[in-house]
Structure formats: structure tokens, C-alpha cells
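J.: sequence and predicted model, in that order:
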Amino acid sequence: MVSGRVLTGFGARLLAGRGVPPANARYVAESAVLNEAAGVTTHGVVQFFYFDKQVGPVIDPSAEPKLVLDRSAVALVDGNGSFAQLAMRLAARIAAGKARRFGIGLVCVRNTSWLAGLGVKLLPLVRQGFFAELWAGSAFKYVAPFGGCEARLGTNPIAFGFPVPGRPPVICDFSTSTVARGRAGLMIHAGDRAPEKIFLDGRGRATDNSAVLEAGGSIMLLGGEHYGYKGFGLSLWVEALGLMAGNRYEPGRELRESFALMLINPAAFGEADFYSKEVNRFVEIIKGGRRRPGVKEIRLPGERSFRSLARSEGLGIFLSGETLARLNDLAARNGLKPISLKS
């Protein structure tokens, strides 16, 4: 186990060594570590390896996102070569202000880097009482359109959340493909096959073999071979939001990620007391239903991450031996103190 404080300090020193201002370095590192603590290991401290390659050559360490349009309930932010995490921080601040004033706030962000792990980024906003949606367009295309066999779409994740007063909020976070690229990458590395056919080879044949992604294959859309038209629609929506914000469709080009954040203020509808009682009653009915054989509980989206966050807070964050070794190799190459396990 390693404490979140140690991992955040490690990431902050890595980024500061690349010229990132200390406050920004710590904020970006905290974002990565929070994903790891929440159990989203495909989008957690692996970001440090991404930063090792990207900061300087691609991401401008000193750049800040810029507000380029501010009009009533909407705004547009340009990433300006900066970290997506900084653009998200700015977008969240703007959207929250607009939602408080107008009842709703929509901020689109263009020309940014990998945002990595959407759900935990909504958590502080939902805890403030907002309904929240986040749609992120991926510059790198690993997903074939429904009926096609060539990758033309990103995994294009989406997340949304809503408060449940007196309980943890509901936070959903998933790709519009059957599996995230990071998860598929772990399968390739381990030589694992998927539990069902969720990939297409280069000729469009369904397979459970993740290795086809390295030979011209692609990931199926959410819904799979027969119902992937559902994921297709969601993925197209994400891509269109990026186009609306002026983010050019240029597959594989760095800093061509985009995202859109929308916040709704439920107080604008004047039914706060009713909502608080009814959403709690609703959750109790959902969780209290009969379960399938072998299922211990009906778990709402986000519950697993909240439990992981609580464990990480008390016991530290679990890192595999391989991840720890990679981090310490990164430390050696960057003149940083190695990470040691928590006793």
C-alpha cells in the first residue's frame, strides 16, 4: 500500500521537473491519484507515464486554458496546449456559476489533452447538489462505426451523476465502446481474451481476442455485435459536440481531445424537498428488489468507487508490483526519489 499523499507528491515533483508551475503540478497529480484511489486503475497513476512522454513535446507545461466565449448559460474554452485537467477545473467553475444563475450551465472545451477518468471529476460537483453530465471525445480512434470494420471513432466516454441527499451520489462513467482502450490494453499485455466477442478483426469478424487491435482490428460499440447501434448514436453525439465547439476531426492528432460539461441546478425547479424524499425512496426500492442467484447486493453506479476511496483513505492505495516497479523506473529516469510501500 502507498498513501495518496506520497503518490501525489511523486506526480507533482515529476511535473514540476518538466516546468509545470507547482500549484498546477499538484492539482494534475491529485487528479490522477484520485482515479487510482477510486479503483479506476486504467486511468490512474498510469497517467504519470503519459505525462513523461507528453509534457514538453506535446503539452505546454506553462500553458493555461483560455475562455474564448461567454454567453448567458454557455461558454467555450480552448485548451491552449495545456493539461485537460486544468481545462476541466476552469469549465467546472464556469458551469457551476452559470447553473446557479440560469439553472443550467454548458461549457465546451476544445483542443485539449487526455482528460482521463470522468466520474471522479463530477463527484465534487454532484456533492454541491448539481445534476452533471460530461462527454469526452477521444482524438485516437479505436472503434468502428456500427456495420463498419475500420476504426473511425474514439472510445468517447460519458459520465453523469445526480445527488441523493443523505447518501452517496449516483455517478456513472463508461465508454461508448464495449470496453475502454486502457482496459483493452491491459488484456493485450496479459494475453487475456474477453468473456465475449467485443472486438472486430481487420475484416470485420467478431472475436474475443484483444490482440486484433494491434493488427488493424477495432473495438465494438457499446451494445456489441447486435445492439451496437445504441453505442453508435452516443458516440456520434460526443463527436458532434466536439465539432460544435470548433474541435476539428483529425484522428490521431495530439491535443485534439474535446469535452462538454453540463450542470443542472435542481433548485431552479423549486421541488427540492420533494426530490430529496422521492429520490431516497426510489433508491431504496431499486436496491431492495429481488436479486439474481449469486448476487449479494444491487449496487448503484459509483458505489464500488466510493468504497475504494474509503479504503484508500484509511489503508492507502494498492499498487501491483509491476506498477510500482514501473513508477520507480520512471523515478530513476527523472532523478526522483523512489516510492516505497507503506508499512
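T.: Structure's in. What do you need?

J.: which other helices and strands does the worst-scoring helix or strand of the chain on mean pLDDT contact?
T.: For the chain, counting by mean pLDDT, DSSP states H and E, helix 181-190 ranks last in confidence among helices and strands (a mean of 91). With contacts defined as 3 or more C-beta pairs under 8 Å, 6 or more residues apart in numbering; DSSP states H and E, helix 181-190 has no helix or strand neighbours. The C-beta positions use only the backbone N, C-alpha and C, and glycine is treated the same way.

J.: what lines up beside the next helix or strand after that helix in the sheet?
T.: Tracing the chain past helix 181-190, the next element assigned as helix or strand by DSSP states H and E is strand 199-200. Paired with strand 199-200 in the same sheet, following DSSP bridges, are strand 206-207 (antiparallel), strand 218-219 (antiparallel).

J.: of all the ones you listed, which one is nearest residue 8?
T.: Nearest to residue 8 among the strands paired with strand 199-200 is strand 218-219 (31.6 Å), distances taken as C-beta to C-beta.

J.: picking up where we left off before, highest mean neighbour count out of the strands paired with strand 199-200?
T.: Highest mean neighbour count of those: strand 218-219, a mean of 26 (counted as mean count of other C-beta atoms under 10 Å).

J.: in three-state terms, label residue 171 for me.
T.: At residue 171 the chain is in strand, as set by DSSP: H, G, I helix; E, B strand; the rest coil.

J.: and it, what are its bridge partners?
T.: Beta-bridge partners recorded for residue 171 (DSSP bridges): residue 161.

J.: so who does it touch?
T.: When the contact criterion is C-beta atoms under 8 Å, 6 or more residues apart in numbering, the partners of residue 171 are 119, 120, 122, 123, 126, 159, 160, 161, 301, 302, 305.

J.: before we move on, what about residue 229?
T.: By C-beta under 8 Å, 6+ apart, residue 229 lies in contact with 146, 221, 223.

J.: for it, phi and psi?
T.: Note on residue 229: its backbone torsions stand at phi -60, psi -20 [degrees, to the nearest 10].
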